[in-house]
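Undergrad: Quick one: sequence and predicted model below, then my questions.
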Amino acid sequence: MSKKILGTVLAALLIAAAYVASPFHAAWSIREAIKSGNAEYLAIKVEWPRVRETLRQSLAEFADPAAAVPQAELASAAPRKGLWARVKSYASRKTVDSVVDTYANPEGLPQLFTYGTTVRDIVKGPPPEKTLANLPDRMREFWSRIKRAEFKSLTAFELEMQDKTTPDRRYTGLLELHGLSWKLTELRVHKAPAPDAIMADG
């Protein structure tokens, strides 16, 4: 009887460990698909309409911080923007819309990654070829850029990562469990919190 209980406990622990590890594996797999240009995989593992919506919102807030302020607060707050400020704000939103519409899709996101790596390769030289031998190093690099990871619920997991080349830029993704598969359903780009804010939270 004790062996059966022990076997049941071990099986439960293995299932729990696999469950906890599964969203990290999903995030890693999506990252690798972007880097390798696997549009088929990205089409299945990313809910693009919701990702586009959240990405558009966060990029708009980057371009125009006032976009993050509710309209009711804007109306009762500071004086209305001048004409030139409104023109710049409109141009920023148009640029954001254009970028999201062009690149926030299974084919476009790998293409955007390729543009970035091409520039870095010219400046720093190409990275080493992916092999099983350097897989542990690549996984360590991926893990080192994770700044926050938490289960929002049993079926929702949020991951915040630091940009590889711009340390004060962060990406926050929400993965949701659909059946037995995790999918990326939201993606936001934002600045890293100021040190004072981190200390205050702590």
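TA: Perfect, thanks for sending it.
Undergrad: Now tell me which helix or strand of the chain has the poorest mean pLDDT.
TA: When each helix and strand of the chain is scored by mean pLDDT, DSSP states H and E, helix 71-76 comes last, with a mean of 48.
Undergrad: Which parts of this protein are strands?
TA: Along the chain, the stretches classed as strands by DSSP state E are 146-153, 156-162, 169-178, 181-191.
Undergrad: Need those strands in JSON lines (columns: mean pLDDT, distance to residue 105 and mean neighbour count).
TA: Backbone N, C-alpha and C define where each C-beta goes, glycine included. As requested, the strands of the chain are exported to JSON lines (pLDDT from 0 to 100; distance: least, C-beta to C-beta, whole Å; neighbours: other C-beta atoms under 10 Å):
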{"stretch": "strand 146-153", "mean pLDDT": "95", "distance to residue 105": "25", "mean neighbour count": "12"}
{"stretch": "strand 156-162", "mean pLDDT": "95", "distance to residue 105": "21", "mean neighbour count": "18"}
{"stretch": "strand 169-178", "mean pLDDT": "93", "distance to residue 105": "16", "mean neighbour count": "18"}
{"stretch": "strand 181-191", "mean pLDDT": "93", "distance to residue 105": "13", "mean neighbour count": "18"}
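Undergrad: what about the longest helix in the chain?
TA: Ranked by number of residues, the top helix in the chain under DSSP state H is helix 2-36.
Undergrad: Can you name every helix or strand that it contacts?
TA: helix 39-45, helix 108-124, helix 135-144, strand 156-162, strand 169-178, strand 181-191 (3 or more C-beta pairs under 8 Å, 6 or more residues apart in numbering; DSSP states H and E).
Undergrad: one step back: and residue 101, which of the strands of the chain is closest to it?
TA: Closest approach to residue 101 among the strands of the chain is made by strand 181-191 (14.9 Å; C-beta to C-beta).
Undergrad: Not counting that closest one itself, show me its contacts.
TA: Residues from elsewhere that reach strand 181-191 (C-beta atoms under 8 Å, 6 or more residues apart in numbering): 22-23, 26-27, 30, 45-47, 50-51, 54-55, 57-59, 61-62, 157, 168-176.
Undergrad: Then stretch 36-45?
TA: Under the contact criterion C-beta under 8 Å, 6+ apart, stretch 36-45 has outside partners 26, 29-30, 32-34, 106-107, 109-111, 114, 181-184.
Undergrad: Of those residues, which one scores lowest on pLDDT?
TA: The lowest pLDDT within those belongs to residue 114, with 67.
Undergrad: now the strands of the chain in CSV, with distance to residue 140?
TA: Shown next, in CSV, are the strands of the chain (distance: least, C-beta to C-beta, whole Å):
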stretch, distance to residue 140
strand 146-153, 11
strand 156-162, 14
strand 169-178, 19
strand 181-191, 22
